[in-house]
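# Below is the sequence, then the predicted model.
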Amino acid sequence: MEGCDQDPRNHPEIDTYIHTTIVLNHVNGVLELNLAALLHDIGKPDTRIEDNGIHFYEHQYVGRDIAEKILKRLVFPKETIDKVCWLIEII
């Protein structure tokens, strides 16, 4: 996510990585919410397009799929993975 710039009209942060670190500073305590905040924008680099600005159409679904693979590889329980993936889609 580092170096994946965002439209400054919506996100004045330099890139998606900095945006994610800012988001992480605003969540606390709940593992699934922290993981969802960390992984929500992981799909932005794969979905970035420029059309009258910078957009990341459906990045939440791409991010959900990437997050699911990561969490499975790290051997998180299925219920945790399902909840994190659901949160990624809705936040």
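Looks like it arrived, so ask away.

# Neighbours of the closest residue to A67 other than its chain neighbours, how many?
Sequence neighbours aside, L39 is the residue nearest to A67 in space, at 3.9 Å (criterion: Cβ to Cβ, 6 or more residues apart in numbering). (C-beta placed from N, C-alpha, C; glycine too.) Look at L39: counted by other Cβ atoms under 10 Å, it has 22 neighbours.

# Surely L39 touches E68?
No - contact between L39 and E68 fails when scored by Cβ atoms under 8 Å: they sit 9.3 Å apart.

# that older thread, identify the residues contacting the residue nearest to A67.
When contacts are counted by Cβ atoms under 8 Å, 6 or more residues apart in numbering, L39 touches 63, 66-67, 70, 84, 88.

# what about it, distance to G63?
Distance, L39 to G63, using Cβ to Cβ, to the nearest Å: 6 Å.

# which residues do these two both contact?
Here L39 and G63 have I88 as joint contacts, going by Cβ under 8 Å, 6+ apart.

# any idea how far E89 is from P8?
With distances taken as Cβ to Cβ, E89 is found 26 Å from P8.

# in stretch 28-39, what's buried?
For stretch 28-39, burial by neighbour count (16 or more other Cβ atoms under 10 Å) applies to 32, 35-39.
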